[in-house]
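1. fold the stuff below for me.
(one chain, ligands or ions: 2)
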Amino acid sequence: MKQPHILCSNEDITEYVLLPGDPQRTLRTAAYLDEWQEIAYNREFRSIKGLYKGAPVTIVSTGIGGASAVIALEELITCGGKYFIRIGSGGAVQPGIHIGDLIIPTAAVREDGASRMYVGENYPAVADFALTHAILETCNVLKFPHFTGIVRSHDGFYMDEEDEKMSYWNKKGVLASDMETAALFTVSQLRGVKTASILNNVVLYQGNIREGIQAYVEEGKGAEAGEKREILLALETIRRLYRDQQE
Ligand SMILES: O=P(O)(O)O[C@H]1O[C@H](CO)[C@@H](O)[C@H]1O
Ligand SMILES: O=c1cc[nH]c(=O)[nH]1
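-> Ligands and ions are numbered 1, 2, ... in the order given. All right, here's what the predicted structure looks like:
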């Protein structure tokens, strides 16, 4: 049965699913596949199915924010998705994280609305340990610059008091901000599927998020290289896990 938002059915969805936020990143990811086809493109959800070095993979964009991300996640789980890797972008909340460095979250602060619809705030948003460990192993093999630790997911890109928020989370050691990781981790844990996240840093932390965003615009090339690295990291991890499953 076709799902109402992603417009995909069981036969379209593989066990391993990549989740970019941006529909255009779905296409840029497909460029690394040996063969692929677009299954559907409805609203923010662009879905592609293909093969990466023999491993079947689906790529579905989730749009901006936890609300649409968990709609995609729920429908993908219904269609048989079991392992999910977000390939997103995020903004550093610590100095020393360069544009294009990768952030691999172990957990996320739940400052989003969607995850709160599912469960109380004292429930943790944690990454799947084994999948995240596999990503870190692959990252070490590929020698991609990366950081690992806690990130923070939010719902208000241009909210007031953003500087104060940044300064607060900076002092608490949070590495970066994004808008989907916490909801994806929370709902995945509740539904019993395995989800990890990789964020490409697109903002230099300068104690002021708006200046940081300007730095992203000016240093777009670094962010493009980071996006390539996060895509390859996710695909190579899936290739290894799929190969191990077949043996
Ligand atoms: O580039 P994506 O994966 O969309 O991720 C980040 O970019 C968007 C904000 O610009 C939010 O979705 C945020 O999480
Ligand atoms: O600062 C940033 C950059 C990307 N995405 C976010 O949510 N925040």
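2. drop to CA atoms for contacts and neighbour counts, all remaining ones
-> Noted.
3. burial of residue 159, as a residue count?
-> Counted with other Cα atoms under 10 Å, the neighbours of residue 159 add up to 10.
4. can you pull the phi and psi angles for it?
-> phi -70, psi 160 (degrees, to the nearest 10).
5. could you pull out the buried residues of the helix ranked longest in the chain?
-> If you go by DSSP state H, the chain has its longest helix at helix 220-246. For helix 220-246, a neighbour-count test (16 or more other Cα atoms under 10 Å) marks 220, 222-223, 226-239, 241-242 as buried.
6. can you tell me the SS state at residue 90?
-> Three-state call for residue 90 (DSSP: H, G, I helix; E, B strand; the rest coil): strand.
7. before we move on, back to that, check which helices and strands the longest helix of the chain sits against.
-> If contacts are counted by 3 or more Cα pairs under 8 Å, 6 or more residues apart in numbering; DSSP states H and E, helix 220-246 sits against strand 55-60, strand 83-92, strand 102-111, helix 129-142, strand 194-203.
8. ok, now which ones touch residue 86?
-> Residue 86 sits next to 18, 19, 20, 21, 181, 195, 196, 197, 198, 199 when contact means Cα atoms under 8 Å, 6 or more residues apart in numbering.
9. filter these down to the buried ones and hand me the ChimeraX line.
-> Only the buried entries of the contacts of residue 86 go into this ChimeraX selection, using 16+ other Cα under 10 Å:
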select :18,19,20,21,181,195,196,197,198,199
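10. could you dump the contacts of residue 86 to a markdown table with distance to ligand 1?
-> Shown next, in a markdown table, are the contacts of residue 86 (distance: Cα to the nearest ligand atom, whole Å):
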| residue | distance to ligand 1 |
| --- | --- |
| 18 | 11 |
| 19 | 8 |
| 20 | 5 |
| 21 | 3 |
| 181 | 8 |
| 195 | 15 |
| 196 | 13 |
| 197 | 10 |
| 198 | 9 |
| 199 | 8 |
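11. all good on my end, thank you.
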